[in-house]
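J.: Mind folding the following:
(2 chains)
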Amino acid sequence: MGIPRTGRRLPRLLAPMVAATLLTLTACGGGGGSTPASGDSAAPVEKIKLTVGLFGDFGFKPLYEEFKKTHPNIEIEERQAAYADHHTNLAAHLATGAGAADVEGIEVGFISQFTAQPDRFQDLRQYGLDKRQGEYLDWKWQQGVAPDGAVLGLGTDVGGLAMCYRTDLFKKAGLPTKRDEVSALWPTWDEYIETGKKFSAAAPKGTKFFDSPGEIIRAIIAQAPVGVYDAQDNIVVATNPDVKNAWDLSIRMVQDDLSAKIGAWTPEWNTGFAKGSFATIICPAWMTAYIQDQAKNASGKWDIATVPGGAGNAGGTHLTVPKQSKHPKEAAELVDFLTSPDSQAAVFKAIGNFPSIPALYEQPDIQNFTKDFFNGAPVGKIYSDAARNLKPQHLGPKEGDVRTAIGNGLGRVEQGKQTPEQAWTQVLKDVENVK
Amino acid sequence: MPVVHRAPTAESPPHPPPGGSRTWAATSPWRHRLDRLVSPYAYVAPFFLLFAAFGVFPLIYTAWVSLHDWNLLSSANPFIGLDNYRELFSDGYFWNAAFNTLSIGVLSAVPQLALALVLAHLLNRPLRAQTLFRITLLLPNVTSVVAVVVIFSQLFGRDFGLVNALLDLVGIDRVYWQANVASSHVAIATMIMWRWTGYNALIYLAAMQAVPREIYEAATIDGASAARQLWGITIPMIRPTIIFTIIVTTIGSMQIIAEPLLFGAQVSNGAATTGGTDRQFQTLALYLYEKGFRSFEFGYASAAAWVMFLLVVLVVGFNYLVVRRMRGGLDV
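T.: So this is what the prediction gives:
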């Protein structure tokens, strides 16, 4: 019975399915053309829709409303994707010449890969944005400039390093809890390790000193004058003693069993925040919002100390306008607005991303800004100091691939798959294959 | 067979209707012949046009791209001949991915199809609430891959996973599922089996229902057990269906990507695309993804895609031959 019945029904089902497929196809074809058609000739000013492509929340929503007050004809739509997906999609959209947003955020880990292709982006100098150069931290400005001098991106935030820690867990382990005293515990990474050993000796069960060495090695490398690339874009992992030193320090932390072995940005990491599985974590300014979000039940238990080993930068973003944008002038205006000193200050107060404009660091409203979640820590002062003391480091085109190779090497040691020597040999081999 | 009835009506337009077309066909017999020759192709053309645009063209274009040093972001893509293939064949990580793909494929496909056969056999008898059971079989397949992998990855979690909690309970050491080749393959194979066993069972069940009842009745009278009936009657009778499922499952398991990608994302961001810190469970499709969409090396990734395609053809062909060979053993 069953078989003949379905036999009769199949063709009937097929027709709508084919129709649906064709509809989808025509819809795709029509989508591209609809944007220019939206310009209404009857209206006095052309109505424009700008899209903004970001990874995660940049705290821009209230700023869009502000922007619309001076640009009533502009509508803004924000698209968010995960970090890696965002940059992959952007690369694909640039390569195919369609689909990119009018304003695209690019993280520093990717920025030189994109600035190497200046013909894919609008040179923001045509819209007079080079006048902003004087406001910026010089190295931040340079990161958004192509080798041929074209200004492709304006910086939003910088990720000056700090170390976040759990006061309650420190107390249980018999360590000091005041942020100045905690900072005094670890001027160097060696002393950080010593503190970690003391912590482990008295720590509550199920709690480790830090999450995983992946972000820590990134921070230690970021503190060096030269990282994984030299100024000529050669990969120098094998020859740069600072990288090897960062590796050795990280290995020692693993061998001393200080790591909770929970990789950053994994679901277990999020669980770890909620359960208090680790007592310290590297926290660039933009990380504070994430911690606040993940460790909701731990308000007031986190605090922020200085990072061992001196200042360094991890992360930060630039806003760019792809060449394919249909409204480059308006998009450039939006970039100018979103990166203005006032906007950067507002973003910092709202979600914590720290400005890349040094004049702001002196302002009292930034200097005196504190966060209750972090036990009232003066985040404004902490991150101003971190940003001011920063030694800029050149980032190369394949930072992400190199970092993955190093991170996987540490992972293999953590998982007990390889000895540190074997892992390092394989890291060097992997890095050699990064083109 | 309504399709057969409809076929002539589809051909009818040239003969009866509107006046214009009648004279058009009548005035010139060669046009009429042309119409009869061409219009069937015109009717099937939409599929082939779509297939050409979305099937054949990408295939050929990929071959073309694979002969270039083609970076997604750069504007200059020089022709380099077979260099990508040469590099690929000497890349240990590519062969590691090929091994992982085969291993996960075998680990998931064999128990999956065997279990599907048994399940179908159990359901192929008078049961209460049959529809309910059949729908239940299909449910895991309706669930999105992402949901399945996320849930299973939590089950296989190192610190807070249910599987490890159970192992702990019976006194077996906890397993760091992503750390070892064998354990990670087992975990991923489990996810695949969860999604596809029921689906294959339903296909088998449909085929089994076409097997004449009398054969089973005769076998029952002869005193054959249920297992003997499965082995002696059911399997030989539904052999074409089994071949079909084996081929489809093989093709499917050569293309696995979402499971290892999301499973690796539990370890760290970087270990997601490399399929573990030591590429313990990086499959071919994931290798291709890493090269194409993380490093943006499209030329190299295209070469990998073509070699992968040839490997799929090879493995499927091999499976087909093996299953055909089994004919002698199965036929009674």
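J.: What residues does the stretch 201-332 of chain B have near chain A?
T.: B:206, B:209-210, B:265-271, B:273-274, B:277-278, B:293-297 (C-beta under 8 Å from any C-beta of the partner chain). In short, each C-beta sits where N, CA and C put it, glycine included.
J.: Not counting sequence-adjacent ones, nearest residue to A:Leu428?
T.: The spatially closest residue to A:Leu428, leaving aside those adjacent along the chain, is A:Ala238, at 5.2 Å (C-beta to C-beta, 6 or more residues apart in numbering or on different chains).
J.: In three-state terms, label that neighbour for me.
T.: With DSSP: H, G, I helix; E, B strand; the rest coil as the basis, A:Ala238 sits in coil.
J.: per-residue pLDDT, it?
T.: pLDDT, A:Ala238: 95.
J.: How much space separates A:Ser299 from chain B?
T.: 23 Å (C-beta to the nearest C-beta, to the nearest Å).
J.: same check, this time on A:Thr419
T.: 13 Å.
J.: I figured that residue hits A:Val413, correct?
T.: Yes. Using C-beta atoms under 8 Å, A:Thr419 is in contact with A:Val413, at 7.4 Å.
J.: So which of those two has more stuff around it?
T.: Neighbour tally, A:Thr419 and A:Val413, criterion other C-beta atoms under 10 Å in any protein chain shown: the higher count belongs to A:Val413, 22 against 12.
J.: Ramachandran coordinates for the more buried one?
T.: A:Val413 adopts backbone torsions of phi -70, psi -40, taken as degrees, to the nearest 10.
J.: do the same with A:Ala279
T.: Backbone torsions for A:Ala279, taken as degrees, to the nearest 10, come to phi -100, psi -20.
J.: Excluding covalently adjacent residues, which one is nearest to it?
T.: Spatially, and ignoring its direct neighbours in sequence, A:Ala279 is nearest to A:Leu169 (4.2 Å; C-beta to C-beta, 6+ apart).
J.: what's the neighbour count on that neighbour?
T.: Residues within reach of A:Leu169, counting by other C-beta under 10 Å, total 23.
J.: next one: A:Ser183
T.: Residues lying near A:Ser183 (other C-beta under 10 Å) number 19.
J.: Can you list the helices and strands that the host helix or strand of B:Phe244 packs against?
T.: If you go by DSSP states H and E, B:Phe244 is part of helix B:239-254. With contacts taken as 3 or more C-beta pairs under 8 Å, 6 or more residues apart in numbering or on different chains; DSSP states H and E, helix B:239-254 sits against helix B:92-123, helix B:181-208, helix B:298-325.
J.: buried ones in the longest one?
T.: In this case it means helix B:92-123. B:93-94, B:96-98, B:100-105, B:107-109, B:112-113, B:116-117, B:119-121, B:123 (16 or more other C-beta atoms under 10 Å in any protein chain shown).
J.: cool, and the second one?
T.: Within helix B:181-208, the residues that qualify as buried by neighbour count (16+ other C-beta under 10 Å) are B:181, B:183-208.
J.: Stretch A:421-435 too?
T.: Quick answer for stretch A:421-435 (16+ other C-beta under 10 Å): A:Ala423, A:Trp424, A:Gln426, A:Val427, A:Asp430, A:Val431, A:Val434.
J.: What is the nearest of the residues you listed to A:Asp401?
T.: Here the nearest of the buried residues of stretch A:421-435 to A:Asp401, counting by C-beta to C-beta, is A:Val434; it sits at 4.6 Å.
J.: The closest one - that's part of a strand, no?
T.: No. According to three-state DSSP, the state of A:Val434 is coil, so it is not within a strand.
J.: Contact partners for the nearest residue to it once chain neighbours are set aside?
T.: Of all residues not flanking A:Val434 in the chain, A:Asp401 sits nearest, at 4.6 Å (C-beta to C-beta, 6+ apart). The contact partners of A:Asp401, taken as C-beta atoms under 8 Å, 6 or more residues apart in numbering or on different chains, are A:Val434, B:Arg294, B:Ser295.
J.: Okay, now the unreliable bits of the stretch 101-250 of chain B?
T.: Nowhere does the stretch 101-250 of chain B drop to pLDDT under 70.
J.: can you map out the strands along the stretch 201-350 of chain A?
T.: Applying DSSP state E, counting those that start in this stretch to the stretch 201-350 of chain A gives strands spanning A:208-210, A:278-282, A:302-305, A:313-320.
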